[in-house]
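Asks: Give me a model of this one.
(chains A and B)
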Number of protein chains: 2
Amino acid sequence: MSDKPAGQRRDLKALLAQEAGKLPQPERRAFLANGLTLAGGAMLGSATSAAAANLPPEVPPWTRSVGRGVVTVPYGMPSRYEQDIVRRTVPWLTASAISSISFTPLHRLKGIITPNGLVFERYHGGVPEIDPAEHRLMVHGLVDRPLIFTMDDLMRFPSVSVIRFIECPANGGMEWRGAQMEALQFTHGMLSCCEWTGVPLATLLQEVGVSAEAKWLLAEGADGSGMSRSIPLEKALDDSIVVYAQNGEMLRPEQGYPLRLLNPGWEGNTSVKWLRRLELGDAAWYHREETSKYTDLMPDGRARKFSWVQETNSVITFPCPENGLKQAGKYEIEGLAWSGRGRIKRVDVSVDGGVSWRSARVKGLILPKALTRFGLEWDWDGGPALLQSRAVDETGYVQPTLAQLREARGVESIYHKNAIHTWRVAEGGGVTNVQIE
Amino acid sequence: MSDKPAGQRRDLKALLAQEAGKLPQPERRAFLANGLTLAGGAMLGSATSAAAANLPPEVPPWTRSVGRGVVTVPYGMPSRYEQDIVRRTVPWLTASAISSISFTPLHRLKGIITPNGLVFERYHGGVPEIDPAEHRLMVHGLVDRPLIFTMDDLMRFPSVSVIRFIECPANGGMEWRGAQMEALQFTHGMLSCCEWTGVPLATLLQEVGVSAEAKWLLAEGADGSGMSRSIPLEKALDDSIVVYAQNGEMLRPEQGYPLRLLNPGWEGNTSVKWLRRLELGDAAWYHREETSKYTDLMPDGRARKFSWVQETNSVITFPCPENGLKQAGKYEIEGLAWSGRGRIKRVDVSVDGGVSWRSARVKGLILPKALTRFGLEWDWDGGPALLQSRAVDETGYVQPTLAQLREARGVESIYHKNAIHTWRVAEGGGVTNVQIE
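Replies: Presented below is the predicted three-dimensional model:
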């Protein structure tokens, strides 16, 4: 081989045609002939036929020319072939675009990191454009020494970096009464996972000196809505972080630039963005956004409040309504699992609506309170199927069925719908959103 | 506290003024009074004086108004206050912008993930704009069944996701003879770290069936330069991945969209972008980009070739020439360490040019062949200092001094300069790039 590379590379068209002629017949499939254990072998049939049918007629134009040079794009963007992969809204969902939601395109994402440009948005008074030189964080109330910090002050403290998911508790909220949304982006897209960097809140609390009687903390944003939430001191001292960076760079404006709180594993709204004030107190504040919102009406007529933790959840990301199946054969069913209580321990997958289950393979890192990617090889026979995933976390919590969740919470809830989700695969490969009790 | 939130929130200006009046004197510093072990306490003096001097005169405009609504920006971008944080070039470094380099702004990044828009660029024929529907990967040569894959074919195989650094072996190449570049972005910015998703190359090789006599593999790009490198089969079967996604989304055009090779821990150029062809052979090809480039002239006049592994390296990212110190006091010296041989085991930091060393704290994940973030608290007395970091990896390899590296490699090298790097802090806090043998 090494003595004839030039010739091979010069006449690529001839080579491609020649290689196409050598393509094997389906009956010579490697995974059958060699007994390879990798199910990937099943894709051979597809590769063969695709190659025979779609062989490029000649060397493509991008190989016959030079491309753009450096620094045409100092801050890079996705390919124009990916321009449909964007955050999207559901216009009827909220009364105003300044107090609304955009959804992450989970159907096209891989791995566990959500790129910053696609992290879902939720805010209550629009995205403020804050000058970091003017921004201040005040820590006061039941403390020994109230203090006001500039961004420069905060960035001198020893920092920590963690990969954690963030999820709006309303994720899936449209699905409580029945299947509503025909897209993974809308059933589960208020969910993202990033590497966050900042100062442990415990560090700042040590700095101001917390009074013995302090039990709660109010976090307030500098946005027009003055978004605020009461946080128990135990959480603040456990793993809360005052964050200024996300996936390596400074926070994006819609994620709280230049400063936000991060309460790992908790309702996204408690991770107050554009953080300007932390007040220590002896009781919760019961502010607007913890009474008018972020509570759920239980069957007994009482409201469930301070429902902090995003419970164990999972969803199949391929196939899904946006990405159906094309032909019978082997595929990898893929999905995401997460728990606000810690690490994912196991994910089971069913292709028959929960009658039988197989354990999926976890792919990549298993981090606490982070998205966890799973995959299961599946030989689709071309017929109907009901796909489900069921996550179990390290505390032993098992993702509930919809019937179990309704039993506990009724049907008036908006938040915390973490029931097992079902995708129906139709003959022909189309995927729809259905509900199974 | 809980009985008066409304009043407090209504008259924020009065509250800020009132709280400012309560600010403590420097002699009441928490870390002195309480004996807190957190060095962060040292920043108190700064927070105090900053707050007293720069207290915002009134509620800022972004709190008195609403911001932009959702989906004004379907694909988000950084704040306009971060618009200087971009990839940059060194125009004199290469003859043409289509065969050149852009550098990652490491001086402003946190954690270990490099956001896709800031990943450094290196290419030999510009960035092609490839239609993924037209793109093909051919695997042929010494194989049982040559095959051509479409992107759809490849995305059906079981995938893996890993966080790995990628570095051009020319990183720091300007520094072999002496300190050249007065910016961290240019001394070390051909370095990034992402989560990569794709199909293990071993899976595809099992699919085609590798002949017994095959020992090498040629990877060739679909760009105008036809970039190609010979890869030993052992590496291909070990941890090489045919990658289509980066930090969750599909690869960026300048990173190989829609398909690239990833050889974790190895010279970036071996991770051939816009991958169109893999040929199995019994010997290396000695193509243009492994003879004219990516070899180093040794003192004995012979060329060092196939220098695959990016050796253990580290650099201090704060302070650095772009980010000096402002006033005496406590800081966190921060930096990055990495090794193409595996995990980082330890990072030592010196503030006196290597006379004495202290072990730094590793912050966040310690992953094989990934960037690893370290930090060390430092009480700067306001005088001159010589900052160095020295990484040790899990194989016991210790990052060499410049003298040790020159002893082994001479001074004619361009690539693989992983010597201990020195930043000089001047009285007043300015930082410059100096070399210490």
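Asks: helix, strand or coil for the spatially most central residue of chain A?
Replies: A centroid search over chain A (C-alpha atoms, centre = their mean) returns A:S192, at 3.0 Å, as the residue closest to the centre. With DSSP: H, G, I helix; E, B strand; the rest coil as the basis, A:S192 sits in strand.
Asks: can you tell me the helix or strand for the nearest residue to it once chain neighbours are set aside?
Replies: Among residues not flanking A:S192 along the chain, A:T114 sits closest, at 3.8 Å (C-beta to C-beta, 6 or more residues apart in numbering or on different chains). For the C-beta atoms, the positions are set from N, CA and C on the backbone; glycine is no exception. Using DSSP states H and E, A:T114 sits within no helix or strand.
Asks: can I assume A:T114 is in contact with A:C193?
Replies: Yes - A:T114 is within contact range of A:C193, at 5.3 Å (criterion: C-beta atoms under 8 Å).
Asks: So what sits opposite A:R229 in the bridge?
Replies: Taking DSSP bridges as the rule, A:R229 bridges to A:A219.
Asks: Could you report the neighbour count for it?
Replies: A:R229 has 25 neighbouring residues, counting by other C-beta atoms under 10 Å in any protein chain shown.
Asks: cool, and A:D84?
Replies: A:D84 has 10 neighbours, counted by other C-beta under 10 Å.
Asks: Checking it next. Helix, strand or coil?
Replies: Following three-state DSSP, A:D84 is assigned to coil.
Asks: Got phi/psi on it?
Replies: Dihedral pair for A:D84: phi -80, psi -10, per degrees, to the nearest 10.
Asks: Now do it, the pLDDT please.
Replies: For A:D84, the pLDDT comes out at 96.
Asks: Would you mind pointing out the helix or strand A:L325 falls in?
Replies: For A:L325, there is no enclosing helix or strand under DSSP H and E.
Asks: Might you list the low-confidence residue ranges for the stretch 251-400 of chain A?
Replies: Filtered on pLDDT under 70, the stretch 251-400 of chain A yields no residues whatsoever.
Asks: For chain B, give me its nearest residue in it.
Replies: Per C-beta to the nearest C-beta, the residue of the stretch 251-400 of chain A with the smallest distance to chain B is A:G281, at 3.1 Å.
Asks: surely that residue meets A:V210?
Replies: No - between A:G281 and A:V210 there is no contact under C-beta under 8 Å: 10.8 Å.
Asks: what touches both of the two?
Replies: A:L142 (C-beta atoms under 8 Å, 6 or more residues apart in numbering or on different chains).
Asks: before we move on, the earlier item: ok, what's across the strand from the residue nearest to the centre of chain A?
Replies: Counting by DSSP bridges, A:S192 is bridged to A:I166.
Asks: Tell me which residues touch it, please.
Replies: Counting by C-beta under 8 Å, 6+ apart, A:S192 has contacts A:T104, A:T114, A:L118, A:V119, A:F120, A:F165, A:I166, A:E167.
Asks: which parts of the helix or strand containing A:A403 are buried?
Replies: If you go by DSSP H and E, A:A403 is part of helix A:402-409. Buried residues in helix A:402-409, counted by 16 or more other C-beta atoms under 10 Å in any protein chain shown: A:L402, A:L405, A:R406, A:R409.
Asks: cool, stretch A:178-193 as well?
Replies: Residues of stretch A:178-193 classed as buried under the neighbour-count rule (16+ other C-beta under 10 Å) are A:179, A:181, A:183-193.
Asks: So chain A: which segments form each domain?
Replies: Domain assignment of chain A by automatic domain parsing yields the ranges A:5-63, A:91-294, A:313-434.
Asks: Looking at the contacts of A:S192, which is nearest chain B?
Replies: Closest approach to chain B among these (C-beta to the nearest C-beta): A:T114, at 5.2 Å.
Asks: Tell me how many other residues crowd the closest one.
Replies: By other C-beta under 10 Å, the residues close to A:T114 number 25.
Asks: List the contacts of it.
Replies: A:T104, A:S192, A:C193, A:C194, B:G248.
Asks: about what we covered before: most neighbours out of the contacts of A:S192, which is it?
Replies: A:I166 (29 neighbours).
Asks: pLDDT value on it, please?
Replies: A:I166 is assigned 98 on the pLDDT scale.
Asks: isn't it right next to A:C194, touching?
Replies: Yes - A:I166 lies in contact with A:C194 (C-beta under 8 Å); the separation is 7.3 Å.
Asks: shared neighbours, the two?
Replies: With C-beta under 8 Å, 6+ apart, A:I166 and A:C194 have common neighbours A:V119.
Asks: quick revisit: pick the most buried one from the domains of chain A.
Replies: The highest mean neighbour count among these, using mean count of other C-beta atoms under 10 Å in any protein chain shown, belongs to domain A:91-294: a mean of 22.
Asks: Between the two ends of that domain, how far is it?
Replies: Terminal residues of domain A:91-294 lie 21 Å apart, using C-alpha to C-alpha, to the nearest Å.
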